[in-house]
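1. Mind looking at a prediction? Sequence and model below.
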Amino acid sequence: MISFKNASVTYPGGVHALRDVTLDIPPGQMIVIVGLSGAGKSTLIRAINGLVPLTGGDVRVDGRSVTQASGRQLRELRAEVGMIFQTFNLVKRTTVLNNVLMGRMHGTAWWRTLLGRYPADDLEYAMRALERVEIVEKAYVRASNLSGGQQQRVGIARALAQEPKVLLADEPVASLDPPTSHVVMRDLQRINRELGITTIVNLHFLDLARQYGERIIGLREGDIVFDGRGEDADEQVFRDIYGRSLTADDVLEAKAEL
Amino acid sequence: MTKLDTPIAAVSQARPRRPRATGRLLLNAALAVLFLGAALTVEVDLTRLLEAPAAIWRILVLMFSAPDWSELERASGLMLESIHIAWIGTIMGAILSLPLAFLAAKNVTSRTGSTVVRQVLNAIRAVPELILAIAFIPIVGLGAFAGTMAIGLHSIGTLGKLASEAIEGIDPGPVEAATSVGAPRMAVMRWGVLPQVLPEIVAFWLYRFEINIRAAAILGIVGAGGIGEGLSQTIIYRRWDRAGVYVIVIVLATVAIDAVSSRIRRRIIGGGDRAIKTEADMVTDGHGQSGPDPAKGPNPRDFG
Amino acid sequence: MSAAGVESAPSRQRRPARPRRSPWAYVSVIAFLALTWWAGSDRFGIGFSVPELIENATRAGGIVSDFLDPQWIYWTALIGPFIETFQMAVIGGVIGCSIALVVAFLASKVTTPNTAAYLADKALLNILRALPDILYALVFVAAVGIGPLAGIIALILFNIGVVAKLLSETVDGVDLGPSEAAQAAGGNRFQQIRAAVFPQVLPNYLAFSLYTFELNLRASTVLGIVGAGGIGTLINVERAAFRYDRIAVIIVAIFVIVFVVESISIALRRRLV
């Protein structure tokens, strides 16, 4: 259970990224957050694991406050929240396996991190995570040698290796081509359904959002302007969220035809 | 293994074997052997090693707790001499290196010709200034003149190399254009090549000047002029309170000149991306040697 | 305009006046000439004169002919001091580069967000680098006595200065994404640096270290001049004895060794990054 209570974020310079957001996310849901760039999607997601600190209000994950957590408590909380990034954020100069093992580092002794020697258990977790995204054969390949879609699957494996209760995905398909986008979205859907991990995904393509979102939350200038089931989000709803008429850029399939 | 124990969706995938890291292991072992071998055989007295931190600390305290400021005037005068040496030496190096740089550039001179000139430049670079000074002293006598010659000669090597690399990196378009209108070779160089590389080369000169200041600060140790002479004397006579003044003067002068010179350099290069790139192109180690840029690693222009 | 073979188009375009040069151009040229005259003059500066150079060179004919007629057999005496030079370069390099690794992470905003700590480290590095290695050797010889120990300590400081500066600049430019990922996975600062930043800069670090070894070799040839061990010690001895035929051999040997090591190091570095 994730709950936002009057959460606000104001960046230095006076930009209001989130305004007084109150929101409850029950466990196991697959949620898609939509909105224009700059609407506060990224901030909302990063508030959950404390990468962006709130300037007002509170966020709680399973009852624990993110805003009041100490450094160590915050790291423990982050260990239970996996994250996937638009640009994959892999260390390209090292192996796929080393990248996935990063997901295990919260429980690792400092000297093990220093030497890069993880316990056999952690190795097993990492391997299973790679098997789940069907890329285990690349375990000892340098991350830079993978395609974009493969790199994002490694990113997912890294998050899975954490054994997370919550998975945050910040524009996971924005750097991918349409067919690969569907592969990655289906991976996320499967993880959500088979493992019961609460999954929160930022997207800006409305067709993807409708197809994969159990629940859709629309953000506009830091305010929640829509919160409902995926099938209820018709074009009028998206026009309201975007504050303008829809264009070909808002639809993945249209992009595919170009 | 709770969640990940759920059946894996795909067909059974073969986990790859961990590749062997023999090469890396060998390399590490070789380095360890080299280091231990050197450390165990070098003639260092262990008791001295243990006393070293205390001894160094004692001297630092002597140097900087109560500097003898009466020495400031002499120190500043000698520092000024070092700056003169660096200035004239850099100009000498700059003037003489320019034609050599053209001769060493592969896109200007023939393959064999450029290789020969390039190796000559490399050879000059390989001998440290201090040793060149030792060679010049018997010829021109003790003093600043010998130091200037040493710095000038060494600068020919380093500046020639950097400038020739800049020339090799030019856009061939203007050269082709100048050649196509039938311009003589000299005119092609003057109007097709030089304008493209001059800002960069002038920046190299200034950069070299910064390095030469440091080099000129130590030439006095062998009697080739500048502040090194005063410093080594005070140290030989254990006048640490005075030596401290010399060190302070050297640090202040070097840092101040670096600041001014790097600002001018940035202006010449025109700021922005190019300034950053050039900074990285030059190895800014600031200690007398300029080499290939290790930040770039595989620099195909290093050796031709 | 037929003389130029170009028919001027009968248009109303005005030819611009030739732009005036910026006054700064004149100021710079005058400043440059004044500085040079001041630095080179007999009265204020170093007294640079070409005729004197030629006169001196002819007078020193004996020494020059000694230089040009090296006593080649002397090379056997160089082996021992050269081994010492190598030892110094290796020990100083390994210790200096290891310390520099830590210092570099402290000197980058990326890995040390505490502004005061990072600025203090940067300032310290700048002071460290303002002094030439041989000055360190001069002081350390007085502190720990004549011999390679003083030279090794000087090289350690010198290497910290070089590698920490170059590496901290590389760290400034790393991709921050992996670090954010490590943070999101619950890693502490040390783990973020080790797992996300370090692998990105490792090849550069190795290249810098190799490069420093090369610089060390060059530097340790002259450290002996102030008594800090290595081949430079011999230069002092032979200089006192006016044996320029032997000094010539030493210079040639330094040149050959530096040249060979540099070539190997460049070839290795090229494969690294």
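-> Okay, I see it.
2. Please compute how far stretch B:135-152 lies from its chain's middle.
-> Offset of stretch B:135-152 from its chain centre (CA atoms, centre = their mean, to the nearest Å): 21 Å.
3. same question, stretch A:69-79
-> The answer for stretch A:69-79 is 18 Å, by CA atoms, centre = their mean.
4. again with stretch C:131-151
-> Distance of stretch C:131-151 from the chain centroid (CA atoms, centre = their mean) equals 18 Å.
5. Just the buried residues of it, please?
-> C:131-145, C:147-151 (16 or more other CB atoms under 10 Å in any protein chain shown). To be clear about C-beta, it is placed using only N, CA and C from the backbone, and glycine gets the same treatment.
6. Run a quick neighbour tally on residue 15.
-> Looking at chain A here, since you left the chain open. 13 (other CB atoms under 10 Å in any protein chain shown).
7. ah, no, chain B please
-> Using other CB under 10 Å, B:Arg15 is surrounded by 14 other residues.
8. Could you measure from it over to chain A?
-> Remark: distance between B:Arg15 and chain A (CB to the nearest CB, to the nearest Å) = 6 Å.
9. wait, isn't that residue in contact with A:Ala139?
-> Yes: assessed by CB atoms under 8 Å, B:Arg15 is found in contact with A:Ala139 at 6.8 Å.
10. what residues do these two have in common as contacts?
-> Residues touching both B:Arg15 and A:Ala139 by CB atoms under 8 Å, 6 or more residues apart in numbering or on different chains: A:Met127.
11. Just want the residue of the stretch 151-258 of chain A that's nearest chain B.
-> A:Leu195 (5.1 Å; CB to the nearest CB).
12. and chain C, what are its domains?
-> Residue ranges for the domains of chain C, per automatic domain parsing: C:23-59, C:72-272.
13. The ones you listed: lowest mean pLDDT?
-> For those, the weakest mean pLDDT is recorded on domain C:23-59, namely a mean of 75.
14. For chain A, which of the domains of chain C is the nearest?
-> Proximity to chain A, assessed across these by CB to the nearest CB, is greatest for domain C:72-272 (3.3 Å).
15. The closest one vs chain A: in contact?
-> Yes: against chain A, domain C:72-272 shows contacts by CB under 8 Å from any CB of the partner chain at C:175, C:177-178, C:180-188, C:190-191, C:194-196, C:199-200, C:202-203.
16. For the helix or strand hosting B:Tyr207, buried residues please.
-> When elements are assigned from DSSP states H and E, B:Tyr207 belongs to helix B:194-218. Under the neighbour-count criterion of 16+ other CB under 10 Å, helix B:194-218 has B:196-197, B:199-218 buried.
17. who does it touch, helix- and strand-wise?
-> Counting contacts by 3 or more CB pairs under 8 Å, 6 or more residues apart in numbering or on different chains; DSSP states H and E, helix B:194-218 packs against helix B:72-104, helix B:129-140, helix B:144-168, helix B:227-236, helix B:240-269, helix C:133-144.
18. Kindly reformat those as a markdown table containing distance to A:Asn49.
-> Converted to a markdown table, the helices and strands packed on helix B:194-218 look like this (distance: least, CB to CB, whole Å):
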| stretch | distance to A:Asn49 |
| --- | --- |
| helix B:72-104 | 55 |
| helix B:129-140 | 56 |
| helix B:144-168 | 48 |
| helix B:227-236 | 57 |
| helix B:240-269 | 41 |
| helix C:133-144 | 48 |
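19. What ranges does the stretch 1-150 of chain A have for its strands?
-> A:2-11, A:15-25, A:30-34, A:56-61, A:64-65, A:81-84 (DSSP state E, counting those that start in this stretch).
20. out of the ones you listed, nearest to chain C?
-> strand A:81-84 (3.9 Å).
21. Give me the mean pLDDT for that closest one.
-> When pLDDT is averaged along strand A:81-84, the result is 94.
22. A:Thr198 and A:Val61 touch, don't they?
-> No: the criterion here is CB under 8 Å, and A:Thr198 misses it with A:Val61 at 9.6 Å.
23. any shared contact partners between those two?
-> A:2, A:166.
24. Checking C:Arg20 next. Helix, strand or coil?
-> Under the three-state scheme (DSSP: H, G, I helix; E, B strand; the rest coil), C:Arg20 adopts coil.
25. Within range of chain C, give me the residues from the stretch 51-200 of chain A.
-> Listed as neighbours of chain C in the stretch 51-200 of chain A under the rule CB under 8 Å from any CB: A:51, A:71, A:75-79, A:81-83, A:85, A:87-94, A:98-99, A:101-103, A:105-106, A:108, A:110, A:113-114, A:116, A:155, A:158-159, A:162, A:168.
26. For chain B, name the helix or strand with the lowest mean pLDDT.
-> For chain B, the helix or strand with the lowest mean confidence is helix B:272-281, at a mean of 38 (criterion: mean pLDDT, DSSP states H and E).
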